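Participant: mind folding the following:
(one chain, ligands or ions: 2)
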Amino acid sequence: MLLLFRCFVGSSEPSAAAARSSGSGSESGGSEKKAVRRMRSATARLRSLSLDDLSRALASSGLHAFTQAELSAATRGLSSSNFIGEGGFGPVYKGFLDERLRPGEIEPQHVAVKYLDADGPQGHREWLAEVVYLGMLKHPHLVKLIGYGCQDEQRMLVYEYMARGSLEHHLFKNLLSTLPWCTRLKIAVGAAKGLAFLHEADTPVIYRDFKASNILLDSDYTAKLSDFGLAKEGPQGDDTHVTTRVMGTHGYAAPEYILTGHLTAKSDVYSFGVVLLELLSGRRSVDKRRRGREQHLVDWARPYLRHTERLHRVMDPCLDGQYSAKAAHKAAMLAYNCLHSVPKSRPTMRDVVDALQPLLAMCSDVPAGPFVYTVPPESEDNGKADDDEAVAAAAAARKKCLASAVHSHAEGDHRTFANQRCASSVAGHRSSSASSSPKESRDRGA
Ligand SMILES: Nc1ncnc2c1ncn2[C@@H]1O[C@H](COP(=O)(O)OP(=O)(O)OP(=O)(O)O)[C@@H](O)[C@H]1O
Ligand SMILES: [Mg+2]
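Facilitator: Residues are numbered from 1 along each chain as shown. Ligands and ions are numbered 1, 2, ... in the order given. Next up, the predicted model:
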């Protein structure tokens, strides 16, 4: 724990002094308390925890403090072949902690190492929030923070490696395969459980940056939330909301939060509704390459969600109709409620989990059988002007999905639900997500 505190001493900005102090190992209990106080004021997010609570939580967090040399060895000197991607915090590398690193202390394992980009939009504050929150909060649907690095100006975060990357990648960037319906449901349930856990914690936490790129998937598609840089303590006592600078990502943030800066757990519920809609539709929350109203998924999809007979317009053509229409309708209604313009009328995340979980059981009810493509009925004339484009898009989507089937078959298909099918109508009124837009900008402070 002493090592953890050293990084926080005088660390509202990274400083060489902090790094120098990291070798001493001689802090008294008094300076520990001072460090904790600084850490609390630096994050301004842990006001309701007593010093003792905080000390105990961090002491039992089991986080490891890594040196730069250790992380360099783990990532093979930040080799380009280990590079995974880059977000607002900085570049991320795959690494391996082998048995020689800390014999008896750390299990050999793959990790993802995030390096703070000193010239990027995020900084020490986000790093600190991540260490504090993920050091204290443990849950099967939160990504596990294994440790951190803090040396000179460098700030690093070391996470369990999530073998399948982000939901964003699978929904919008993976041209070779499409997430099957029940895998999408499994992901929605997992992510909802992660949010419910945060909202129900002794000191409730508002996540504030719920979006497809922050939902990471392990080898069996278990969803885990990552990135707590924007997380914030929920309102205390009689307060109904926290007032804060508007942060988050364009397309996911709740409208009342953008307008007023009033943050509640229901802001996360709205963002969950947006992601649920992305899972149903295979469309991005904001896609500037689409026409008019279709650029904003929520505005475009909302009118279709409550009507069973119109829902097919929203459903992802890449699903090729292989979903339970009943489950899809229930999920769509849930998304509709999460997206309610009045925050109080939105369900809690516990309600969401309770509504979604039973839908998983419907996966086994879906009969296996040949895929049937049903042309949308003539009477549905909305969007008819798009027909040529829609047919081409649907054909492209089917081609993509065929490629997916071949691909997954060749791999022995780890997707548990791939063969569960149901005949349902498929609307082709969209362009394929195979041609989804480049990564939208992370609009922090939007
Ligand atoms: N624990 C992890 N295991 C595997 N891949 C990860 C892990 N953490 C992050 N990644 C990947 O690293 C890349 C960058 O992630 P990062 O969270 O920094 O940015 P982002 O989510 O894309 O954007 P934002 O800054 O808005 O969160 C993404 O491709 C992400 O999937
Ligand atoms: Mg992220």
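
Participant: all strands for the protein, in order.
Facilitator: Ranges of strands in the chain, per DSSP state E, are 64-66, 83-86, 91-97, 109-115, 145-151, 154-160, 205-206, 215-217, 223-225, 232-233, 242-243, 262-263, 373-374, 424-425.

Participant: count of neighbours near residue 291?
Facilitator: Neighbourhood size, residue 291 [other CB atoms under 10 Å]: 11. Every C-beta, even on glycine, is put in place using the N, C-alpha and C of the backbone.

Participant: state the distance from it to ligand 2.
Facilitator: 29 Å (CB to the ion, to the nearest Å).

Participant: how close does that residue get to residue 187?
Facilitator: According to CB to CB, to the nearest Å, residue 291 stands 29 Å off from residue 187.

Participant: same question, residue 318
Facilitator: 15 Å.

Participant: what does this protein put close to ligand 2?
Facilitator: With CB under 5 Å from the ion as the criterion, the chain comes near ligand 2 at residues 87, 214, 227.

Participant: dump the residues you listed into TSV; add distance to residue 177, neighbour count and pLDDT as well.
Facilitator: What follows is the residues of the chain next to ligand 2, written out as TSV (distance: CB to CB, whole Å; neighbours: other CB atoms under 10 Å; pLDDT from 0 to 100):
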residue	distance to residue 177	neighbour count	pLDDT
87	23	20	87
214	21	25	94
227	25	27	83
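
Participant: dump the residues you listed into a markdown table; add distance to ligand 1 as well.
Facilitator: Formatted as a markdown table, these follow (distance: CB to the nearest ligand atom, whole Å):
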| residue | distance to ligand 1 |
| --- | --- |
| 87 | 2 |
| 214 | 5 |
| 227 | 5 |
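
Participant: from those residues, pick the one nearest residue 274.
Facilitator: Ranked by distance to residue 274 (CB to CB), the residues of the chain next to ligand 2 are led by residue 214 at 12.3 Å.

Participant: go ahead and confirm the closest one touches residue 226.
Facilitator: Yes. The criterion here is CB atoms under 8 Å, and residue 214 meets it with residue 226 at 5.4 Å.

Participant: and the stretch 151-300 of the chain, which residues reach ligand 1?
Facilitator: Residues of the stretch 151-300 of the chain lying near ligand 1 by CB under 6 Å from any ligand atom: 159, 161, 162, 165, 166, 213, 214, 216, 226, 227.

Participant: now for the last one: which residues touch it?
Facilitator: Counting by CB atoms under 8 Å, 6 or more residues apart in numbering, residue 227 makes contact with 87, 89, 130, 209, 214.

Participant: now do the first one
Facilitator: Contacts were defined as CB under 8 Å, 6+ apart; by that measure residue 159 touches 111, 112, 113, 114, 143, 144, 145, 146, 226.

Participant: good, we can wrap up now.
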